[in-house]
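Asker: Sequence plus the predicted model coming up.
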Amino acid sequence: MNLSFTPLSGEYAIARLPADAQIPDWADGVGLVNITRADDELSIVCRADRGPLDADAGWSALKVETLADLDEPGVVMAAVTPISSAGLGILVISTHLRDYLLVRTKELPRAKDLLTSAGHAFV
């Protein structure tokens with residue numbers, strides 16, 4: 001499966017808060033925002049310029065432009081395999097409509113090369 005990607009502007013950060021924390025006001029705003037509450041944490045992905053200082057910053061986001069049904073097999077695998085096989089870390093966020101990949105900003109050029117070499121395209 002060949003996919004198309006669009007890099008999102010700005011640098012992203014991932015913050016981890018206690019599981020019972022309230023969703024902070026800084027979480028919402030422009031760019032990609034993902035809020036996940038689990039039994040052991042509240043995890044927030046947002047633009048680094050508004051996240052807390054102790055957040056794990058230095059991430060870039062790629063939007064998967066190729067739309068697929070929720071149960072379409074292989075979409076995430078096609079996106080992740082070239083990057084993870086090269087030993088790079090990756091965070092995947094899936095929504096009802098599409099998927100997003102976050103890679104370390106310093107590794108973004110390499111990730112783009114890996115995806116292009118695997119037959120994927122950038123818009």
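Answerer: Done, it's in.

Asker: distance of the residue in the chain sticking out farthest from the centre from W59?
Answerer: Farthest-out residue of the chain from its mean C-alpha position, per Cα atoms, centre = their mean: D20, at 23.7 Å. D20 is 25 Å from W59, where distance means Cβ to Cβ, to the nearest Å. In this view, the C-beta of every residue, glycine as well, is placed from N, C-alpha and C.

Asker: do D40 as well
Answerer: Counting by Cβ to Cβ, the gap from D40 to W59 is 21 Å.

Asker: Same check on C46?
Answerer: Taking Cβ to Cβ, one finds C46 at 10 Å from W59.

Asker: which residues are common contacts for these two?
Answerer: 12-13 (Cβ atoms under 8 Å, 6 or more residues apart in numbering).

Asker: Quick check: what element follows the longest strand along the chain along the chain?
Answerer: Taking DSSP state E as the criterion, the chain has its longest strand at strand 56-64. Using DSSP states H and E, the next helix or strand after strand 56-64 towards the C-terminus is helix 75-85.

Asker: Any chance you could list what contacts that following helix?
Answerer: Counting by Cβ under 8 Å, 6+ apart, 1-3, 5, 64, 66, 68, 90, 92, 94, 99, 101, 103, 111, 114-115, 117-118, 120 sit against helix 75-85.

Asker: Could I get the buried residue list for it?
Answerer: 75-76, 78-80, 82-83 (16 or more other Cβ atoms under 10 Å).

Asker: just stretch 34-41 next, same as before
Answerer: Those would be N34, for stretch 34-41 by 16+ other Cβ under 10 Å.

Asker: so which helix or strand takes in R110?
Answerer: helix 108-117.

Asker: Pairing partners for the next helix or strand after that helix, with directions?
Answerer: Elements were assigned by DSSP H and E; along the chain past helix 108-117, the next helix or strand is strand 121-122. In the sheet, strand 121-122 lines up against strand 4-7 (parallel) (DSSP bridges).
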